[in-house]
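Participant: attaching a predicted model along with its sequence, questions to come.
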Amino acid sequence: MSVPEHLWRFPTTEARVSLAKRFGLPYSDQMQDWEYEVADANRIDEFISVYESGELDDDEKFALMETIIQSFEDLEISLSEEPRWQGVLDLIENNIELHKYTVWYWSILENNTKFEQWRVTPFIRSILMKHKDKFS
């Protein structure tokens with residue numbers, strides 16, 4: 001996956017540790033993809049509520065959004081029928097500067113067939129297309 005270098009942003013250890021404590025999630029330095037490993041479709045409401053609380057700094061919001069997206073990816077219902085998903089897309093769009101890396105990453109532009117994409121990809125690609133001027 002090639003995200004242009006000028007868009008790079010990665011979760012910080014401090015944000016991961018803070019979120020792990022807040023949510024009672026496991027954390028270890030060995031968990032390379034912590035945001036995806038701790039995702040839980042059963043906790044989506046809790047994750048969204050904390051994201052919207054205004055209590056998180058940008059690093060925490062960035063990391064938590066990755067967990068939220070992965071939680072929706074793991075959800076076993078159609079995303080187009082899930083009202084909370086549109087709310088998350090709105091959060092991403094309203095915080096586009098913070099989530100440019102996230103949008104590019106989940107858009108996986110180099111993969112164009114449905115079988116090479118995540119379920120969230122078409123929705124997130126629409127955000128990228130709407131704000132493409134911010135990604136150059």
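Facilitator: Yep, that arrived.

Participant: the residue of the chain most remote from its centre and Pro122, how far apart?
Facilitator: Among the C-alpha atoms of the chain, the one farthest from their average position, using CA atoms, centre = their mean, is that of Thr113, at 21.3 Å. Distance check for Thr113 against Pro122: by CB to CB, to the nearest Å, it reads 12 Å. Just so you know, the C-beta spots here come from the backbone N, C-alpha and C atoms, and that holds for glycine as well.

Participant: got phi/psi on the residue farthest from the centre of the chain?
Facilitator: For Thr113, the backbone dihedrals (degrees, to the nearest 10) come out as phi -90, psi 150.

Participant: which strands and helices sit next to the biggest helix by length in the chain?
Facilitator: Taking DSSP state H as the assignment, the helix of the chain that covers the most residues is helix 58-74. With contacts defined as 3 or more CB pairs under 8 Å, 6 or more residues apart in numbering; DSSP states H and E, the secondary structure elements packing on helix 58-74 are helix 13-23, helix 34-37, helix 44-52, helix 83-94, helix 100-107.

Participant: buried ones in stretch 102-113?
Facilitator: When burial is assessed from 16 or more other CB atoms under 10 Å, stretch 102-113 yields the following buried residues: 102-108.

Participant: rank these by pLDDT and give me only the lowest.
Facilitator: Ranked by pLDDT, these bottom out at Ile108, which scores 90.

Participant: from Ser2, how far off is it?
Facilitator: In terms of CB to CB, Ile108 sits 10 Å off from Ser2.

Participant: what do you get for Ser107?
Facilitator: As for Ser107, its distance to Ser2 is 12 Å (criterion: CB to CB).

Participant: could the helices and strands packed on helix 58-74 go into TSV alongside distance to Ser71?
Facilitator: Rendered in TSV, the data for the helices and strands packed on helix 58-74 read as follows (distance: least, CB to CB, whole Å):
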stretch	distance to Ser71
helix 13-23	12
helix 34-37	9
helix 44-52	5
helix 83-94	9
helix 100-107	13
